[in-house]
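Trainee: build the 3D model from these lines:
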Amino acid sequence: MNEKQALVVDDHPILRDGIKHLLEKAFPSIQIRESQGADGVVEEICGFSWTFVTLDINLPGQNGLHVLKQAKARCPRTPIIVFSLFSEDSYGPRAIRTGASAYVSKDRSPLELVDVVKSVLRGEKQHLSKATLRLLLSDRETEVLNLIAKGMDRKQIAQTLGINTKTVSTYKARLLHKLDARTTVDLIRFAGDEGLLNDSD
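Mentor: Residues are numbered from 1 along each chain as shown. Below you'll find the model as predicted:
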């Protein structure tokens, strides 16, 4: 049986060591490896079946989002959590669209990183703040979400927005995926809880 291992990719030795010790304490059954993120980091990420990877954006001579894109193209099943100093509002949606399982800003508490890793290991995804999650939705997706929340069916939404019902179904499918919801009820409840609904008519 393969030993469970995770990879921490960060160019700062002190931060990298701190993340490693935090994760070792939280996940004693997983061995934590380190990488400074230099040339060949994509090979490091995709050359082993990691339980998960944490990836910084600011890496030596390269952009972590570019590394993320290359890695997800080569090893799409590897969960990659972007952990960076850059704000979630600026980089969170881009990281999620590129294939990250989650985006965590280093401004947040260490325990939040642990909570996010636990969620990712449960198969959950798109761990973003409320404001950042709203940025992940297009204007049209937000409009469709609001109309669904008002109880409109596909035909009514299509008439209201001047689009066909098939397009409405496409937007709804995107919303279910982006908000990690399984049913319309889940979608409405999640949107309400997370403050994503527009209160104005």
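Trainee: measure how buried residue 183 is and give me the count.
Mentor: 9 (other C-beta atoms under 10 Å). To be clear about C-beta, it is placed using only N, CA and C from the backbone, and glycine gets the same treatment.
Trainee: cool, residue 181 as well?
Mentor: Counted with other C-beta under 10 Å, residue 181 comes out at 16.
Trainee: ok, the residue lying closest to it once chain neighbours are set aside - contacts?
Mentor: Leaving aside its sequence neighbours, residue 181 sits nearest to residue 187 (C-beta to C-beta, 6 or more residues apart in numbering; 4.2 Å). Residue 187 makes contact with 145, 148, 172, 175, 176, 179, 181, according to C-beta atoms under 8 Å, 6 or more residues apart in numbering.
Trainee: got it, and residue 169?
Mentor: residue 154.
Trainee: check residue 60 too.
Mentor: Per C-beta under 8 Å, 6+ apart, neighbours of residue 60: 11, 36, 37, 38.
Trainee: okay, how far is it across stretch 152-170, tip to tip?
Mentor: 16 Å (C-alpha to C-alpha, to the nearest Å).
Trainee: and the next helix or strand past the worst-scoring helix or strand of the chain on mean pLDDT?
Mentor: Least confident helix or strand, the chain: helix 130-136 with a mean of 63, by mean pLDDT, DSSP states H and E. Downstream of helix 130-136, the first helix or strand assigned by DSSP states H and E is helix 139-149.
Trainee: one step back: which one of the contacts of residue 60 has the most neighbours?
Mentor: Going by other C-beta under 10 Å, residue 37 tops the contacts of residue 60 with 25 neighbours.
Trainee: what's the nearest residue to that residue if we skip its chain neighbours?
Mentor: Nearest non-adjacent residue to residue 37 (C-beta to C-beta, 6+ apart): residue 59, at 3.7 Å.
Trainee: next, count neighbours for that neighbour.
Mentor: Residue 59: 21 neighbours (other C-beta under 10 Å).
Trainee: give me phi/psi at it?
Mentor: Backbone torsions for residue 59, taken as degrees, to the nearest 10, come to phi -110, psi 160.
Trainee: how is this protein carved up into domains?
Mentor: 5-129, 137-193 (automatic domain parsing).
Trainee: looking at these, which is buried most?
Mentor: domain 5-129 (a mean of 18; mean count of other C-beta atoms under 10 Å).
Trainee: for it, give the mean pLDDT please.
Mentor: Domain 5-129 shows a mean pLDDT of 89.
Trainee: go ahead and confirm residue 168 touches residue 156.
Mentor: No. Counting by C-beta atoms under 8 Å, residue 168 sits too far from residue 156 to count as a contact (9.2 Å).
Trainee: list the residues that contact both of those two?
Mentor: What both residue 168 and residue 156 touch, as defined by C-beta under 8 Å, 6+ apart, is an empty set.
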